[in-house]
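Trainee: Here is a sequence with its predicted model. Questions after.
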Amino acid sequence: ECWALKDFDIGRLLGEGKFGKVYLAREKQSGYVVALKIIFKEKLDKYRYHSHLRREIEIQHSLNHPNVLRLFAWFHDETRIFLVLEYAAGHELYKLLKDLKHFSEKRAATYIASLTRALAYCHEKNVIHRDIKPENLLLDMEGNLKIADFGWAVQSSSKRRTMCGTIDYLAPEMIEKKEHDHAVDNWTLGVLCYEFLYGVPPFEEHDQNDTFRRIMKVDLNFPSTRHVSPEAKDLITKLLVKDSTKRLSLKKILEHPWIVKFADMQMESHDQK
Ligand SMILES: O=C(Cc1cc(-c2ccc3c(-c4nc5ccccc5[nH]4)n[nH]c3c2)n[nH]1)Nc1cccc(F)c1
């Protein structure tokens, strides 16, 4: 069935991106609640984003995993493209992290386990996300983590060389504009694990060049302001490794003592039906 804007009641604004806004919406027939992203075609022209958007749509539409936000469908009219995305009725993860200051080891390990399973699924499908950061992570009603934006995802058929993402989460090989592969996502898991437990990313500095320098040196230290278990520090240290071939694999992350000890295996999220 081909949907059109008239099939939806539009609700509040959920988020705003470079190309468009995301609204809460309800499909009139079924009552199904979704996130409706509205992208203006003229914006695509301006940024020559058409092929990029097509790739994002193909990537996201091909992914079907409990921890990856679903793209159910898309349609367009003369001026706009509409994406019918899964609505995550929980929180935005970065807001929750700001409110809580830092996560408990149980919560952090559960999110890292979910992210690792989602990334293992994406890598199986030859998709490198490359831009996992708290702003792109959402929680559904049951508190299950969902990776949302695939703004920078690529099919990892050939090695990628384009610069992307914010500074704090960039792996060294991406900064050096070297060829990189899916191991960049393993690095990012280390950055996120640190940020979940300490409330700030590991190499954060005011000046971007200082952040670059600290990433390139892997200048990692664990403040004693917070008690964090040695197991957690061990996992982070095994992910924030400059040589991408030496980073802990996704499989080994799920077998790591800290994950085994603290992560609760969440049930897959139930459909809203
Ligand atoms: O644009 C996005 C990703 C995306 C998802 C979203 C998004 C933003 C917010 C939400 C939410 C949501 N739930 C909330 C709960 C509380 C507060 C805010 C919330 N936002 N649910 N689903 C969403 C989805 N924005 N952008 N994907 C995309 C882009 C182009 C092509 C394509 F195939 C996918």
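Mentor: Cool, got the structure.

Trainee: ok, now which ones touch the closest residue to residue 3 other than its chain neighbours?
Mentor: Nearest residue to residue 3 in three dimensions, chain neighbours excluded: residue 75, at 5.2 Å (CB to CB, 6 or more residues apart in numbering). C-beta coordinates here come from the backbone N, C-alpha and C atoms, glycine included. Counting by CB atoms under 8 Å, 6 or more residues apart in numbering, residue 75 makes contact with 2-5, 81-82, 84.

Trainee: Confirm residue 75 sits in a helix?
Mentor: No - looking at residue 75 with DSSP: H, G, I helix; E, B strand; the rest coil, it is strand, so not inside a helix.

Trainee: Run through the bridge partners of it.
Mentor: Bridge pairing for residue 75 (DSSP bridges) gives the partners residue 82.

Trainee: Give me the distance between it and residue 4.
Mentor: Per CB to CB, to the nearest Å, residue 75 is found 6 Å from residue 4.

Trainee: Check residue 141 too.
Mentor: Applying CB to CB, the value for residue 141 to residue 4 is 28 Å.

Trainee: same thing with residue 215?
Mentor: With distances taken as CB to CB, residue 215 is found 46 Å from residue 4.

Trainee: The two - which one has more neighbours?
Mentor: In terms of neighbours (other CB atoms under 10 Å), residue 215 is the more surrounded of residue 215 and residue 4; the figures are 26 against 10.

Trainee: Measure how buried the residue nearest to that one when sequence neighbours are not counted is and give me the count.
Mentor: Nearest residue to residue 215 in three dimensions, chain neighbours excluded: residue 203, at 4.9 Å (CB to CB, 6+ apart). For residue 203, the tally of surrounding residues (other CB under 10 Å) stands at 23.

Trainee: can you pull the contacts of residue 203?
Mentor: Residues in contact with residue 203 (CB under 8 Å, 6+ apart) are 168, 191, 211, 214-215, 219-220.

Trainee: Next secondary structure after the lowest-mean-pLDDT helix or strand in the chain?
Mentor: The weakest-scoring helix or strand in the chain, judged by mean pLDDT, DSSP states H and E, is strand 154-155 (a mean of 51). Where DSSP states H and E defines the elements, the next helix or strand beyond strand 154-155 is helix 172-175.

Trainee: Determine how far that following helix lies from the middle of the whole chain.
Mentor: Remark: helix 172-175 is offset 18 Å from the chain centroid, using CA atoms, centre = their mean, to the nearest Å.

Trainee: same for that helix, what does it pack against?
Mentor: Here helix 172-175 touches helix 183-198, helix 208-217, going by 3 or more CB pairs under 8 Å, 6 or more residues apart in numbering; DSSP states H and E.

Trainee: List the buried residues for that helix?
Mentor: 172-175 (16 or more other CB atoms under 10 Å).

Trainee: how about JSON lines for these, with distance to residue 148 and pLDDT added?
Mentor: Listed next are those as JSON lines, based on distance: CB to CB, whole Å; pLDDT from 0 to 100:
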{"residue": "172", "distance to residue 148": "26", "pLDDT": "89"}
{"residue": "173", "distance to residue 148": "25", "pLDDT": "87"}
{"residue": "174", "distance to residue 148": "21", "pLDDT": "79"}
{"residue": "175", "distance to residue 148": "24", "pLDDT": "79"}
